[in-house]
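*Asks:* I would like to see how this sequence folds:
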Amino acid sequence: MTGCVVFRILAVAALSAGLSGPLAAETAVTPEAPRAALPAITVSTVETRLMRDRLLASGMVGAVERVQVQPLIEGQPIETLEVEIGDRVTEGQVLARLSKTSLELQKSELIASRASAAATVAQAEAQQLEARANADEAQRANARTAQLVRQGAATQAAAEQTSARAISATAGVTVAVQSLEAARAQAKLVEAQIENIDLQLSRTEVVAPVSGEVVERNALVGAVASAAGEPMFAINRDGALELRADVAERDLLRLKPGQVARLSSVAAAEPLTGTVRLVEPSIDMQTRLGRARITVDTPDLLRPGMFVDAEILVAEREALAVPVSAIGASDEGATVMRVRDGLVERVVVQTGIRDAGMVEVVAGLVAGDLVVTKAAAFVRDGDRVNPVPAPAATN
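*Replies:* Sure thing, here's the model as predicted:
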């Protein structure tokens, strides 16, 4: 009985010794607590891309330069009209012809006056020669009489008479010279009148002052030409058209001549192109809109009076960009949530161009940085996250 008890004690001791081996060690290890799961946050990579700053405007199409054609002489009936609305004309081309009848009659009268003036000039020249000859003879007679008086062969009365005749003859020369000058002046006046009639005759042909397209015709055959009423014709110079686009006041200073524009109209199947020609310096006091004049590169596809939308390319450059949704706002300005090594930090950035859902980052980030794609995501400065790259279309 005592031996049995001893055996049991030894068996328990042996079992305890066996459990102190590897099996006992495994049983003593406490399981590690499970690691907390980090929130998955979509991030975008800051990359360089081509950014375009565009400005939208709209307005009506009109002629770059509309030239009005008026008759250069008045009071003459219109005999013929040589062009119609829509015709393309060249500089100097005849548009209409006025009557020449009365002007040709005046010219005939002036030609007769010119012949009479020429005869008057010839007569005055002969009278001048005669007056000079008489004056010379009177001077010689006066000299001879004066010598005879000194010799005592002539009386003083005779000397005074010859002296008076010499003075009179000299005055006659002066009169003859002035008469000749008056006759020549009259002849020049008649010549000038003839030249004026010739000029008026040449102006009976109403010609195009510039090349272009006839867009208006108010002249009627039989009507008396006058510059007081509506113009006889209106020409769109060189057929050039422009879009007079209304621009918001805040955008006006961003426009400059030479900027390229993309134009669209319901009349054109495909977009057209143009160039900013002029930015008007003033703003309409009623509408608070400015105006830009955009030359149309293909004017044949548009007509004056059409309504056209314009997309003006203000700036274009390679720049760092992030999605618009990544930009947040704070008291310090625009911000993004940058992710580095799984740690979120708020970064103040300076933004620039917005284009196609992307925003240019001028300062604050470098290429390759990761930013939270949506600034409204539930993350704060200092949070740890599991960054998940955004799809290619978003990034």
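
*Asks:* Only C-alpha atoms from now on, for both contacts and neighbour counts.
*Replies:* Fine.

*Asks:* Now Ala126: which helix or strand?
*Replies:* helix 101-151 (DSSP states H and E).

*Asks:* So which elements touch that helix?
*Replies:* helix 156-202 (3 or more Cα pairs under 8 Å, 6 or more residues apart in numbering; DSSP states H and E).

*Asks:* mean confidence score for the helix it packs on?
*Replies:* For helix 156-202, the mean per-residue pLDDT is 91.

*Asks:* With stretch 69-84 instead?
*Replies:* On average, stretch 69-84 scores 92.

*Asks:* repeat for stretch 234-253
*Replies:* 91.

*Asks:* Which positions in it come out as buried?
*Replies:* Using 16 or more other Cα atoms under 10 Å as the test for burial, stretch 234-253 gives 234-248, 252.

*Asks:* Take the residues you listed and keep only those in strands.
*Replies:* Of the buried residues of stretch 234-253, the ones assigned to strands by DSSP state E are 234-237, 241-248.

*Asks:* Give me the distance between the residue nearest in space to the middle of the chain and Ala57.
*Replies:* Centrality entry for the chain: nearest residue to the mean C-alpha point is Arg277, 2.4 Å, by Cα atoms, centre = their mean. From Arg277 across to Ala57, the span is 15 Å (Cα to Cα, to the nearest Å).

*Asks:* go on, Ala158?
*Replies:* 105 Å.

*Asks:* who's more crowded, the two?
*Replies:* Ala57 (21 against 15; other Cα atoms under 10 Å).

*Asks:* Low-confidence regions, the protein specifically.
*Replies:* Residues of the chain that meet the criterion pLDDT under 70 lie in 1-36, 375-377, 392-395.

*Asks:* what's the domain layout of it?
*Replies:* 42-51+317-389, 56-60+238-316, 67-94+207-235, 101-202 (automatic domain parsing).

*Asks:* end to end, how far does the third one reach?
*Replies:* Between the start and the finish of domain 67-94+207-235 there is a gap of 5 Å, counting by Cα to Cα.

*Asks:* how far does it sit from the chain's center?
*Replies:* From the chain centre to the centre of domain 67-94+207-235 is a distance of 27 Å (Cα atoms, centre = their mean, to the nearest Å).

*Asks:* what do you get for the last one?
*Replies:* Taking Cα atoms, centre = their mean, one finds domain 101-202 lying 64 Å from the centre of the chain it belongs to.

*Asks:* can you check the second one too?
*Replies:* When distances are taken as Cα atoms, centre = their mean, domain 56-60+238-316 is centred 10 Å away from the chain's centroid.

*Asks:* still on that earlier bit, okay, the angle between the helix holding Ala126 and helix 156-202?
*Replies:* 160 degrees (axes from the mean of the first three to the mean of the last three Cα atoms, to 10 degrees).

*Asks:* Kindly state the beta-bridge partners for Asp53.
*Replies:* Asp53 has these beta-bridge partners by DSSP bridges: Ala315.

*Asks:* Wait, it touches Ile353, no?
*Replies:* Yes - using Cα atoms under 8 Å, Asp53 is in contact with Ile353, at 5.6 Å.

*Asks:* where do the strands sit along the stretch 251-395 of the chain?
*Replies:* Using DSSP state E, counting those that start in this stretch, the strands of the stretch 251-395 of the chain run over residues 260-264, 272-279, 289-296, 307-323, 328-330, 333-340, 343-348, 350-355, 358-363, 370-372, 386-389.

*Asks:* could the ones you listed go into CSV alongside distance to Val149?
*Replies:* Conversion of those to CSV gives the following (distance: least, Cα to Cα, whole Å):
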stretch, distance to Val149
strand 260-264, 104
strand 272-279, 94
strand 289-296, 97
strand 307-323, 106
strand 328-330, 126
strand 333-340, 122
strand 343-348, 125
strand 350-355, 115
strand 358-363, 117
strand 370-372, 132
strand 386-389, 138
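
*Asks:* which stretch among those comes nearest Ile41?
*Replies:* Nearest of these to Ile41, taken as Cα to Cα: strand 386-389 at 5.1 Å.

*Asks:* Which of the residues in the closest one are classified as buried?
*Replies:* Buried residues in strand 386-389 (16+ other Cα under 10 Å): 386-387, 389.

*Asks:* which one of those residues is nearest Ala183?
*Replies:* Closest to Ala183, out of all of the buried residues of strand 386-389 and judged by Cα to Cα, is Pro389, at 104.6 Å.
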